[in-house]
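K.L.:
Need the 3D shape of this:
(2 chains)
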Amino acid sequence: MNYLLQQLIQGLAMGSLYGLIAIGYVLIYNAWGVLNFAQGDMVMIGAFAILIAHIFWGLPILLAFPVAILMCIIIGFLIEISAFRPLINADNTRRLIATIGVGIFLRNLIRVVFGADPYPFPSIFGDKPMQIGGLTIIPQNIWNMVIGFLLVIALSLFLKNTQIGKAMRATAQDREAASLMGINVKRSMSLTFIIASVLGGFAGMLICPVYFVIPTLGTSLGNKGFSAALLGGITSNPGSMIGGIVLGTLESLGAGFLSSAFQNSIAYGILFLVLIFKPTGLLGKKEVRKV
Amino acid sequence: MNTFNKIYKATRIWILLIVALTLPYWIPNKYYLQIANLGLIFAILTMSLNIIAGYTGLFSVGFIAFFGIGAYTSAIVTTALGWPVPVGFLLAGIVSSLMSLPLSIPTMRLKGMYFAVATLAFGEIMYQVFLNWTSVTGGTKGIKGIPSPILFGTSFRSNEKYFYLIFAILIVMIFLTRNLINSRTGRAMLSIRENDIAAEAMGVNVPVYKLIAFMISTFFAGIAGALYAHMIRYVSPESFVNAESSAVLAMMVVGGIGSIPGAILGGFGLTLLPEFMRFLGNIRLVLYGAAIVAIIILAPKGLGGLIEWIDGVLCGKIKPGVSKEKTISANEEMK
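P.N.:
The predicted model follows:
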């Protein structure tokens, strides 16, 4: 029983990070109509940003976070103006491949600058296991979960209640109508992209005490985030958080009870099954199309 | 149309053929020839991806799995069972084609990105199978000592001879693809890509044609995989990671979706590009990523569109100086 609970907590912690990555996919998909395959590499950029700020520059962790976020904002903005804005009217496949190109570019740029060796990162919230009611809990996991959830709540409050957030949602819904309502569409699309990049980067910052920081950190995490986003049904932010948690929990239960070698296969196998029975994800609405 | 245009039009296919057939003799060294062979194999793989993703509009993100299935099938059959290599090639295609059924039948209802994520899941699962089914696939160690094909008493071990083998298969593939897209089946596939609901209303049996597209496409992907396995003579799971699927997708799109010359150029070009940039050292892959983005922004119809345009100018069909978009659409009307 304890073992089950422990696997669940582990899964929830990983899942909330997957959820954060997934929300990045959803935000960009809704605003730009394209899946950003470089989102996983934004996670890697976030991890390297905090590594640079905290370890290389020696900033205290509380100062390192804002600096790293600033770096993510700048890089997100550069990606948007160089690879997304010029293709705004292109068809989806071409835009999607452009994002793959961006991913290859980022991954290798980081490899050229920092080398392929893994960098260890000290735990931010402590990695000494605590004993609570017979359970062994690593504080980092709990904090990751809490911060993940807080960010999602903050994001939905921002989108619902602020002027800019409303403009972003309107743009995502109908670009043309939004621009007729006097919304600066370009600016809100830019802003959506940057927020998505920062969320991805933030997931990277939270993840680096758990994983080593390497240039290919983002590839498998990106795929997990992408899968979580579709599992939740690509259209809603809470949905992708749920998708992330489902995926994380399945993965850790699969590893704990079946076989750790097939950990990924189990998670992806269940994803496959869910899509067969619910083709538009767990929370996705059925799309009605006109010919 | 002047004399030059006429001569060009009459001889272009022969010039191309002669250049291609003499390639092993003027390429500077063996290493580059092997890379060229690899480029041709990826050209075949890109053409087969084109059948489902380009012509039928089923966006597959885990396509490298079928390349891997083909490579492993032929490797296992020729090493552990000791069967002749041509049988391995054929089985690679057949097994790969059959293995597409557990992916294509259940995902028939999925659309767009949901289909893409299902193929991603399939690719990931197959990779795990290659990696963990140690008794059959050799796990991380892979399979060594895969024999070279022997046909009509000649061994295709040398890169020069292997080049002609790949080239022959590529030519067959070009003819089959051309005939396929101009056939009833091909037109049904194109109609599914344009609009599946409209296609169904016109009496196209959408699920059946999706299945057919899948089986043809994965058959060739399997053959390409076997070509790869018998050229490198070693297979390991690392060659079939999901990132390779995006590389093949990039080849298809950079070449130009739904274009045969485009698929060949994309597959061949994107395999060779990092090698040509080798003198730049580590920075080459950074530039490779940037080049993909640049081609997509600058050449809306891909490299294939660019070549068709140059071809049109040389044939005198297109007057240089007229806007490119216009001439390309005019060119299509003429067809």
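K.L.:
Going by residue numbers, what spans are strands in the stretch 151-300 of chain B?
P.N.:
For the stretch 151-300 of chain B, the strands defined by DSSP state E, counting those that start in this stretch cover B:154-155.
K.L.:
Okay, now the unreliable bits of it?
P.N.:
Regions of the stretch 151-300 of chain B meeting the criterion pLDDT under 70 cover residues B:153.
K.L.:
Please list the residues of it that sit near chain A.
P.N.:
With C-beta under 8 Å from any C-beta of the partner chain as the criterion, the stretch 151-300 of chain B comes near chain A at residues B:195, B:197-198, B:201, B:242-243, B:246, B:249-250, B:253-254, B:257, B:282-283, B:285-286, B:288-293, B:296-297, B:300. For every residue, glycine as well, the C-beta is placed using N, CA and C.
K.L.:
Tell me which entries of the residues you listed lie within helices.
P.N.:
Using DSSP state H to define helices, the subset of these located there is B:197-198, B:201, B:242-243, B:246, B:249-250, B:253-254, B:285-286, B:288-293, B:296-297.
K.L.:
Just give me how far stretch A:179-196 sits from the chain centre.
P.N.:
The gap between the average C-alpha position of stretch A:179-196 and the chain average comes to 20 Å, counting by C-alpha atoms, centre = their mean, to the nearest Å.
K.L.:
go on, stretch B:270-288?
P.N.:
Between the mean C-alpha location of stretch B:270-288 and the chain-wide mean there is a distance of 21 Å, by C-alpha atoms, centre = their mean.
K.L.:
cool, and stretch A:45-61?
P.N.:
From the chain centre to the centre of stretch A:45-61 is a distance of 19 Å (C-alpha atoms, centre = their mean).
K.L.:
before we move on, the earlier item: may I see the PyMOL selection of the buried members of the residues of the stretch 151-300 of chain B next to chain A?
P.N.:
Of those, the buried ones go into a single PyMOL selection, burial set by 16 or more other C-beta atoms under 10 Å in any protein chain shown:
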select buried, chain B and resi 242+243+246+249+250+253+254+257+285+286+288+289+290+291+292+293+296+297+300
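K.L.:
and the longest helix seen in chain A, what other elements does it pack with?
P.N.:
Once chain A is assigned using DSSP H, the helix that runs over the most residues is helix A:2-32. Contacts defined by 3 or more C-beta pairs under 8 Å, 6 or more residues apart in numbering or on different chains; DSSP states H and E place helix A:2-32 against helix A:39-51, strand A:135-137, helix A:139-161, helix A:163-173, helix A:185-207, helix A:217-232, helix A:237-257.
K.L.:
Whatever helix or strand comes next after the first one vs chain B: in contact?
P.N.:
Scanning forward in sequence from helix A:39-51, with DSSP states H and E defining helices and strands, the next element found is helix A:61-79. No: judged by C-beta under 8 Å from any C-beta, helix A:61-79 and chain B are separated, with a smallest distance of 9.8 Å.
K.L.:
coming back round to it: which stretch in the helices and strands packed on helix A:2-32 has the least confidence?
P.N.:
Comparing the helices and strands packed on helix A:2-32 by mean pLDDT, the weakest confidence falls on strand A:135-137, with a mean of 75.
K.L.:
And for that one, what's in contact with it?
P.N.:
Around strand A:135-137, the neighbours that count as contacts under C-beta atoms under 8 Å, 6 or more residues apart in numbering or on different chains are A:2, A:5-6, A:9, A:129-131.
K.L.:
For those residues, pick the one with the most neighbours.
P.N.:
Across the contacts of strand A:135-137, the neighbour count under other C-beta atoms under 10 Å in any protein chain shown reaches its highest value at A:I9, namely 19 neighbours.
K.L.:
number of nearby residues for A:Q7?
P.N.:
A count of nearby residues for A:Q7, using other C-beta under 10 Å, gives 18.
K.L.:
got it, and the one 3 residues further on?
P.N.:
Using other C-beta under 10 Å, A:Q10 has 20 other residues around it.
K.L.:
Check the gap between it and A:A228 for me.
P.N.:
According to C-beta to C-beta, to the nearest Å, A:Q10 and A:A228 sit 16 Å apart.
K.L.:
show me the contacts for B:K301.
P.N.:
Taking C-beta under 8 Å, 6+ apart as the contact definition, B:K301 lies against B:256, B:259, B:262, B:308, B:328.
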